[in-house]
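Asks: structural data only, the sequence is not supplied:
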(Lines give C-alpha, C1' and ligand atoms only; values in the text may rest on other atoms or scores of the structure.)
Protein backbone atom coordinates (compact mmCIF):
# COMPACT_ATOMS: atom_id res chain seq x y z
CA UNK A 1 0.00 0.00 0.00
CA UNK A 2 1.36 3.42 -0.97
CA UNK A 3 0.37 6.45 1.12
CA UNK A 4 0.95 10.10 0.27
CA UNK A 5 1.24 12.39 3.30
CA UNK A 6 0.70 16.16 2.96
CA UNK A 7 1.88 18.56 5.69
CA UNK A 8 1.27 22.33 5.71
CA UNK A 9 0.38 23.20 9.30
CA UNK A 10 2.99 25.93 9.83
CA UNK A 11 6.05 26.91 7.79
CA UNK A 12 7.11 23.59 6.29
CA UNK A 13 5.55 22.48 3.00
CA UNK A 14 6.03 18.75 2.68
CA UNK A 15 4.92 15.67 0.79
CA UNK A 16 6.09 12.20 1.79
CA UNK A 17 5.40 8.85 0.19
CA UNK A 18 5.37 5.74 2.37
CA UNK A 19 5.09 2.13 1.22
CA UNK A 20 3.17 0.03 3.71
CA UNK A 21 4.05 1.06 7.26
CA UNK A 22 7.80 1.58 7.23
CA UNK A 23 9.41 2.00 3.81
CA UNK A 24 10.09 5.65 3.02
CA UNK A 25 10.03 6.19 -0.75
CA UNK A 26 10.46 9.97 -0.55
CA UNK A 27 10.11 12.83 1.90
CA UNK A 28 10.42 16.31 0.40
CA UNK A 29 10.38 19.21 2.88
CA UNK A 30 10.55 22.90 2.04
CA UNK A 31 11.17 25.20 5.01
CA UNK A 32 9.94 28.74 4.34
CA UNK A 33 13.05 30.81 5.01
CA UNK A 34 11.20 34.06 4.30
CA UNK A 35 10.01 34.17 7.93
CA UNK A 36 13.54 34.58 9.29
CA UNK A 37 13.49 38.28 8.43
CA UNK A 38 10.46 38.73 10.72
CA UNK A 39 11.78 36.70 13.65
CA UNK A 40 8.81 34.32 13.51
CA UNK A 41 6.15 32.83 11.28
CA UNK A 42 3.76 35.27 9.60
CA UNK A 43 0.53 33.28 9.04
CA UNK A 44 -0.63 35.03 5.85
CA UNK A 45 2.80 34.70 4.24
CA UNK A 46 2.97 31.04 5.28
CA UNK A 47 -0.34 30.33 3.50
CA UNK A 48 0.83 32.02 0.31
CA UNK A 49 4.13 30.17 0.34
CA UNK A 50 2.38 26.81 0.78
CA UNK A 51 0.11 27.57 -2.14
CA UNK A 52 3.07 28.64 -4.27
CA UNK A 53 5.22 25.56 -3.70
CA UNK A 54 2.99 22.61 -2.81
CA UNK A 55 2.47 21.48 -6.42
CA UNK A 56 6.21 21.37 -7.05
CA UNK A 57 6.84 19.56 -3.77
CA UNK A 58 4.39 16.82 -4.76
CA UNK A 59 6.04 16.46 -8.14
CA UNK A 60 9.46 16.08 -6.54
CA UNK A 61 8.12 13.53 -4.04
CA UNK A 62 6.56 11.43 -6.80
CA UNK A 63 9.68 11.60 -8.95
CA UNK A 64 11.96 10.58 -6.08
CA UNK A 65 9.63 7.73 -5.16
CA UNK A 66 9.48 6.58 -8.77
CA UNK A 67 5.71 6.55 -8.90
CA UNK A 68 2.69 8.45 -10.21
CA UNK A 69 -0.48 9.62 -8.50
CA UNK A 70 -2.24 6.63 -10.06
CA UNK A 71 0.02 4.38 -7.95
CA UNK A 72 -0.98 6.08 -4.69
CA UNK A 73 -3.60 4.15 -2.68
CA UNK A 74 -4.25 6.62 0.15
CA UNK A 75 -3.81 10.32 0.86
CA UNK A 76 -3.28 11.67 4.36
CA UNK A 77 -3.34 15.37 5.22
CA UNK A 78 -2.80 17.35 8.41
CA UNK A 79 -6.05 19.04 9.52
CA UNK A 80 -4.76 20.45 12.83
CA UNK A 81 -3.45 21.76 15.05
CA UNK A 82 -1.79 24.58 13.17
CA UNK A 83 -2.32 27.88 11.39
CA UNK A 84 -5.78 27.87 9.85
CA UNK A 85 -4.77 29.41 6.52
CA UNK A 86 -1.81 27.07 6.16
CA UNK A 87 -3.95 24.05 7.02
CA UNK A 88 -6.54 25.08 4.43
CA UNK A 89 -3.96 24.98 1.64
CA UNK A 90 -2.97 21.38 2.39
CA UNK A 91 -6.55 20.23 2.92
CA UNK A 92 -7.79 21.78 -0.32
CA UNK A 93 -4.86 20.26 -2.18
CA UNK A 94 -5.52 16.79 -0.71
CA UNK A 95 -9.24 16.99 -1.46
CA UNK A 96 -8.51 18.00 -5.03
CA UNK A 97 -6.12 15.09 -5.52
CA UNK A 98 -8.62 12.71 -3.97
CA UNK A 99 -11.36 13.81 -6.36
CA UNK A 100 -9.14 13.93 -9.42
CA UNK A 101 -7.64 10.45 -8.89
CA UNK A 102 -10.47 8.81 -6.94
CA UNK A 103 -8.34 8.20 -3.85
CA UNK A 104 -9.50 8.09 -0.20
CA UNK A 105 -8.34 11.06 1.89
CA UNK A 106 -7.68 10.64 5.63
CA UNK A 107 -7.46 13.53 8.11
CA UNK A 108 -4.40 13.41 10.40
CA UNK A 109 -3.75 15.04 13.75
CA UNK A 110 -0.37 16.77 13.53
CA UNK A 111 0.63 15.67 17.03
CA UNK A 112 -0.21 12.04 16.32
CA UNK A 113 1.93 12.28 13.19
CA UNK A 114 4.92 13.40 15.26
CA UNK A 115 4.34 10.56 17.72
CA UNK A 116 4.11 7.89 15.03
CA UNK A 117 7.29 9.08 13.31
CA UNK A 118 9.02 7.02 16.01
CA UNK A 119 7.28 3.85 14.82
CA UNK A 120 8.64 3.89 11.26
CA UNK A 121 12.16 2.76 12.16
CA UNK A 122 11.71 1.57 15.75
CA UNK A 123 9.86 -1.30 17.40
CA UNK A 124 8.64 0.85 20.27
CA UNK A 125 7.76 -1.10 23.40
CA UNK A 126 4.30 -0.24 24.72
CA UNK A 127 2.95 1.27 26.83
CA UNK A 128 5.20 4.27 26.38
CA UNK A 129 5.51 7.83 27.58
CA UNK A 130 5.63 10.36 24.76
CA UNK A 131 7.37 13.71 25.23
CA UNK A 132 5.96 15.81 22.41
CA UNK A 133 8.09 18.95 22.32
CA UNK A 134 8.29 21.54 19.55
CA UNK A 135 7.92 25.24 18.82
CA UNK A 136 4.17 25.09 19.22
CA UNK A 137 3.56 22.13 21.51
CA UNK A 138 4.81 20.64 24.75
CA UNK A 139 2.75 17.67 25.90
CA UNK A 140 3.48 14.58 27.97
CA UNK A 141 1.32 11.70 26.78
CA UNK A 142 0.79 8.16 28.05
CA UNK A 143 0.34 5.91 25.02
CA UNK A 144 -1.13 2.44 25.50
CA UNK A 145 -1.20 1.66 21.79
CA UNK A 146 -1.49 3.41 18.44
CA UNK A 147 -4.64 5.48 18.68
CA UNK A 148 -4.88 5.16 22.45
CA UNK A 149 -3.53 8.27 24.16
CA UNK A 150 -3.94 10.04 27.47
CA UNK A 151 -2.47 13.52 27.92
CA UNK A 152 -0.84 13.75 31.35
CA UNK A 153 0.39 17.33 31.12
CA UNK A 154 0.87 20.19 28.69
CA UNK A 155 2.35 23.67 28.72
CA UNK A 156 0.22 26.39 30.29
CA UNK A 157 2.05 29.16 28.42
CA UNK A 158 5.07 28.98 26.09
CA UNK A 159 6.09 25.72 24.46
CA UNK A 160 9.71 24.64 24.96
CA UNK A 161 10.66 25.42 21.37
CA UNK A 162 8.94 28.79 21.65
CA UNK A 163 11.09 29.56 24.71
CA UNK A 164 14.18 28.79 22.63
CA UNK A 165 12.95 31.13 19.90
CA UNK A 166 12.31 33.96 22.35
CA UNK A 167 15.63 33.57 24.15
CA UNK A 168 17.40 33.45 20.78
CA UNK A 169 15.79 36.81 19.97
CA UNK A 170 16.97 38.21 23.32
CA UNK A 171 20.50 37.03 22.54
CA UNK A 172 20.40 38.55 19.06
CA UNK A 173 20.39 35.20 17.27
CA UNK A 174 18.45 34.16 14.18
CA UNK A 175 15.15 32.37 13.66
CA UNK A 176 14.33 29.56 14.20
CA UNK A 177 15.98 29.87 17.57
CA UNK A 178 16.36 26.23 18.59
CA UNK A 179 19.26 25.34 16.28
CA UNK A 180 20.93 28.70 17.03
CA UNK A 181 20.67 28.13 20.79
CA UNK A 182 22.06 24.59 20.45
CA UNK A 183 25.01 25.75 18.37
CA UNK A 184 25.93 28.60 20.71
CA UNK A 185 25.32 26.52 23.86
CA UNK A 186 28.10 24.11 22.87
CA UNK A 187 30.57 26.89 23.71
CA UNK A 188 29.01 27.87 27.05
CA UNK A 189 28.76 26.90 30.73
CA UNK A 190 25.34 25.35 31.40
CA UNK A 191 25.66 26.08 35.14
CA UNK A 192 26.22 29.80 34.62
CA UNK A 193 22.59 30.75 35.27
CA UNK A 194 20.44 28.80 37.71
CA UNK A 195 16.89 28.52 36.35
CA UNK A 196 14.01 26.89 38.27
CA UNK A 197 11.70 23.93 37.69
CA UNK A 198 8.26 25.48 37.17
CA UNK A 199 5.09 24.30 38.98
CA UNK A 200 6.83 21.34 40.62
CA UNK A 201 3.73 19.71 42.09
CA UNK A 202 1.74 19.57 38.86
CA UNK A 203 2.30 17.57 35.65
CA UNK A 204 1.87 20.63 33.43
CA UNK A 205 4.77 22.64 32.03
CA UNK A 206 5.62 26.34 32.05
CA UNK A 207 8.50 27.95 30.19
CA UNK A 208 7.48 31.58 30.26
CA UNK A 209 9.08 32.20 33.67
CA UNK A 210 12.53 30.90 32.80
CA UNK A 211 12.44 32.87 29.54
CA UNK A 212 11.61 36.03 31.48
CA UNK A 213 14.37 35.31 34.02
CA UNK A 214 16.86 35.04 31.15
CA UNK A 215 15.62 38.30 29.66
CA UNK A 216 16.01 40.32 32.88
CA UNK A 217 19.41 38.81 33.60
CA UNK A 218 20.81 39.38 30.13
CA UNK A 219 19.44 42.89 29.72
CA UNK A 220 20.89 43.79 33.11
CA UNK A 221 24.40 43.06 31.88
CA UNK A 222 26.70 45.59 30.25
CA UNK A 223 27.34 45.22 26.52
CA UNK A 224 30.75 43.76 27.28
CA UNK A 225 29.36 41.21 29.74
CA UNK A 226 26.50 40.32 27.36
CA UNK A 227 29.04 39.37 24.72
CA UNK A 228 31.12 37.45 27.25
CA UNK A 229 28.20 35.40 28.61
CA UNK A 230 25.99 34.97 25.52
CA UNK A 231 27.06 31.31 25.10
CA UNK A 232 26.67 30.69 28.85
CA UNK A 233 23.09 31.96 28.75
CA UNK A 234 22.31 29.75 25.76
CA UNK A 235 23.74 26.70 27.54
CA UNK A 236 21.79 27.58 30.71
CA UNK A 237 18.41 27.85 28.96
CA UNK A 238 19.06 24.60 27.10
CA UNK A 239 19.84 22.82 30.38
CA UNK A 240 16.78 24.39 32.05
CA UNK A 241 14.45 23.14 29.31
CA UNK A 242 15.87 19.62 29.59
CA UNK A 243 15.64 19.74 33.41
CA UNK A 244 11.99 20.83 33.30
CA UNK A 245 11.04 18.13 30.80
CA UNK A 246 12.81 15.34 32.67
CA UNK A 247 11.44 16.41 36.06
CA UNK A 248 7.86 15.95 34.83
CA UNK A 249 8.76 12.72 33.05
CA UNK A 250 10.15 11.36 36.32
CA UNK A 251 6.81 12.11 37.99
CA UNK A 252 4.92 10.36 35.19
CA UNK A 253 7.14 7.27 35.21
CA UNK A 254 6.47 6.65 38.89
CA UNK A 255 2.69 6.77 38.34
CA UNK A 256 2.37 5.00 34.97
CA UNK A 257 5.26 2.49 34.81
CA UNK A 258 5.89 2.66 31.03
CA UNK A 259 8.18 0.24 29.21
CA UNK A 260 9.76 3.02 27.18
CA UNK A 261 10.05 6.75 26.60
CA UNK A 262 9.91 8.44 23.22
CA UNK A 263 10.54 12.03 22.24
CA UNK A 264 8.85 13.68 19.25
CA UNK A 265 8.70 17.08 17.58
CA UNK A 266 11.22 19.63 16.41
CA UNK A 267 13.04 19.94 19.75
CA UNK A 268 13.76 16.19 19.51
CA UNK A 269 16.44 17.17 16.99
CA UNK A 270 18.42 18.91 19.76
CA UNK A 271 21.42 16.62 20.38
CA UNK A 272 21.96 17.83 23.95
CA UNK A 273 18.37 17.05 24.91
CA UNK A 274 18.49 13.65 23.19
CA UNK A 275 21.65 12.81 25.14
CA UNK A 276 20.07 13.86 28.44
CA UNK A 277 17.03 11.69 27.67
CA UNK A 278 19.23 8.71 26.78
CA UNK A 279 21.17 9.03 30.05
CA UNK A 280 17.94 9.44 32.03
CA UNK A 281 16.44 6.25 30.57
CA UNK A 282 19.63 4.24 30.90
CA UNK A 283 19.86 5.09 34.60
CA UNK A 284 16.26 3.93 35.14
CA UNK A 285 16.39 0.84 32.98
CA UNK A 286 13.76 1.85 30.44
CA UNK A 287 14.06 1.99 26.66
CA UNK A 288 14.46 5.29 24.85
CA UNK A 289 13.41 6.00 21.27
CA UNK A 290 13.78 9.10 19.13
CA UNK A 291 13.01 9.60 15.44
CA UNK A 292 15.82 10.20 12.95
CA UNK A 293 16.67 13.88 12.68
CA UNK A 294 14.94 14.12 9.29
CA UNK A 295 11.62 13.12 10.88
CA UNK A 296 11.77 15.45 13.90
CA UNK A 297 10.55 18.60 12.19
CA UNK A 298 7.24 18.78 10.32
CA UNK A 299 7.22 16.40 7.36
CA UNK A 300 4.93 14.49 5.05
CA UNK A 301 6.13 11.02 6.03
CA UNK A 302 4.84 11.34 9.60
CA UNK A 303 1.46 12.31 8.13
CA UNK A 304 1.53 9.32 5.77
CA UNK A 305 2.36 6.99 8.69
CA UNK A 306 -0.54 8.27 10.80
CA UNK A 307 -2.93 8.09 7.84
CA UNK A 308 -1.85 4.51 7.06
CA UNK A 309 -2.29 3.32 10.65
CA UNK A 310 -5.70 4.93 11.08
CA UNK A 311 -6.97 3.75 7.70
CA UNK A 312 -5.72 0.20 8.35
CA UNK A 313 -7.58 0.04 11.65
CA UNK A 314 -10.60 1.90 10.24
CA UNK A 315 -10.40 4.36 13.12
CA UNK A 316 -10.09 7.64 11.21
CA UNK A 317 -11.80 10.06 13.57
CA UNK A 318 -11.07 13.56 12.26
CA UNK A 319 -13.04 15.36 9.58
CA UNK A 320 -11.50 17.11 6.59
CA UNK A 321 -11.83 20.62 7.95
CA UNK A 322 -9.06 22.78 9.43
CA UNK A 323 -9.07 22.78 13.24
CA UNK A 324 -6.29 25.11 14.53
CA UNK A 325 -6.56 23.86 18.13
CA UNK A 326 -7.21 20.20 17.35
CA UNK A 327 -6.54 17.93 20.32
CA UNK A 328 -5.63 14.27 20.42
CA UNK A 329 -8.66 12.07 20.94
CA UNK A 330 -8.02 10.46 24.31
CA UNK A 331 -8.99 6.84 24.94
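Replies: Structure's in. What do you need? In this text the structure is predicted, and so the values were computed from the model without any measurement. Numbers count the residues shown, from 1 in each chain.

Asks: which stretch of helix or strand covers residue 151?
Replies: Counting by DSSP states H and E, the element that carries residue 151 is strand 148-154.

Asks: residue 235 now?
Replies: With DSSP H and E as the criterion, residue 235 is inside helix 223-256.

Asks: for that helix, packing partners?
Replies: In terms of contacts (3 or more CB pairs under 8 Å, 6 or more residues apart in numbering; DSSP states H and E), helix 223-256 is packed against strand 128-133, strand 138-145, strand 148-154, helix 160-170, helix 177-185, helix 208-219, helix 271-284. Every C-beta, even on glycine, is put in place using the N, C-alpha and C of the backbone.

Asks: cutoff 6 Å now
Replies: Counting by 3 or more CB pairs under 6 Å, 6 or more residues apart in numbering; DSSP states H and E, the packing neighbours recorded for helix 223-256 are strand 138-145, helix 177-185, helix 208-219, helix 271-284.

Asks: would you turn the ones you listed into TSV with mean pLDDT and distance to residue 7?
Replies: TSV is the format used below for the helices and strands packed on helix 223-256 (pLDDT from 0 to 100; distance: least, CB to CB, whole Å):
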stretch	mean pLDDT	distance to residue 7
strand 138-145	97	19
helix 177-185	96	18
helix 208-219	95	28
helix 271-284	97	22
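
Asks: before we move on, the earlier item: partner strands of whatever helix or strand comes next after the helix holding residue 235 and their direction?
Replies: For helix 223-256, the following helix or strand on the C-terminal side (DSSP H and E) is strand 260-264. Note on strand 260-264: by DSSP bridges, its sheet partners are strand 128-133 (parallel), strand 287-289 (parallel).

Asks: phi and psi next, for the residue nearest to the spatial centre of the chain.
Replies: What sits nearest the mean C-alpha location of the chain, by CA atoms, centre = their mean, is residue 265, with 2.3 Å. When read as degrees, to the nearest 10, the backbone of residue 265 gives phi 100, psi 170.

Asks: need the pLDDT of the closest residue to it other than its chain neighbours.
Replies: Leaving aside its chain neighbours, residue 265 sits nearest to residue 134 (3.4 Å; criterion: CB to CB, 6 or more residues apart in numbering). Note for residue 134: predicted pLDDT of 92.

Asks: which ones are touching residue 134?
Replies: 161, 265, 266, 267 (CB atoms under 6 Å, 6 or more residues apart in numbering).

Asks: quick check, the first one in contact with residue 269.
Replies: What that stands for is residue 161. No - counting by CB atoms under 6 Å, residue 161 does not reach residue 269; the two are 10.1 Å apart.

Asks: out of the two, which sits in the more crowded spot?
Replies: Legend: neighbour count by other CB atoms under 10 Å for residue 161 and residue 269, higher for residue 161 (24 against 21).

Asks: how much space between that one and residue 207?
Replies: Going from residue 161 to residue 207 by CB to CB, to the nearest Å gives 9 Å.

Asks: what's the answer for residue 280, then?
Replies: Distance from residue 280 to residue 207, by CB to CB: 19 Å.

Asks: between these two, who's got more neighbours?
Replies: residue 207 (27 against 18).

Asks: test for you: state the pLDDT assigned to the residue nearest to that one when sequence neighbours are not counted.
Replies: Closest residue to residue 207 apart from its sequence neighbours, by CB to CB, 6+ apart: residue 163 at 3.9 Å. Looking at residue 163, its pLDDT reads 95.

Asks: which SS state does residue 190 fall under?
Replies: coil (DSSP: H, G, I helix; E, B strand; the rest coil).

Asks: thinking again about what came up before, buried set for the strand holding residue 151?
Replies: 149, 151, 152, 153, 154 (16 or more other CB atoms under 10 Å).

Asks: for stretch 102-117, same thing?
Replies: Buried-residue list, stretch 102-117, by 16+ other CB under 10 Å: 103, 105-117.

Asks: over to stretch 53-73?
Replies: 53, 54, 57, 58, 61, 62, 65, 67, 72.

Asks: distance check, the fifth one against residue 147.
Replies: Just to be clear, that refers to residue 61. From residue 61 to residue 147 the distance is 26 Å (CB to CB).

Asks: repeat for residue 70
Replies: 30 Å.

Asks: just residue 26 next, same as before
Replies: 26 Å.

Asks: contacts only, for the residue nearest to residue 235 when sequence neighbours are not counted.
Replies: The shortest distance from residue 235 to any non-neighbouring residue, by CB to CB, 6+ apart, is to residue 188 (3.4 Å). Neighbouring residues of residue 188 by CB under 6 Å, 6+ apart: 231, 232, 234, 235.

Asks: swap in 8 Å and give it another go.
Replies: If you count contacts by CB atoms under 8 Å, 6 or more residues apart in numbering, residue 188 has them with 229, 230, 231, 232, 233, 234, 235, 236.
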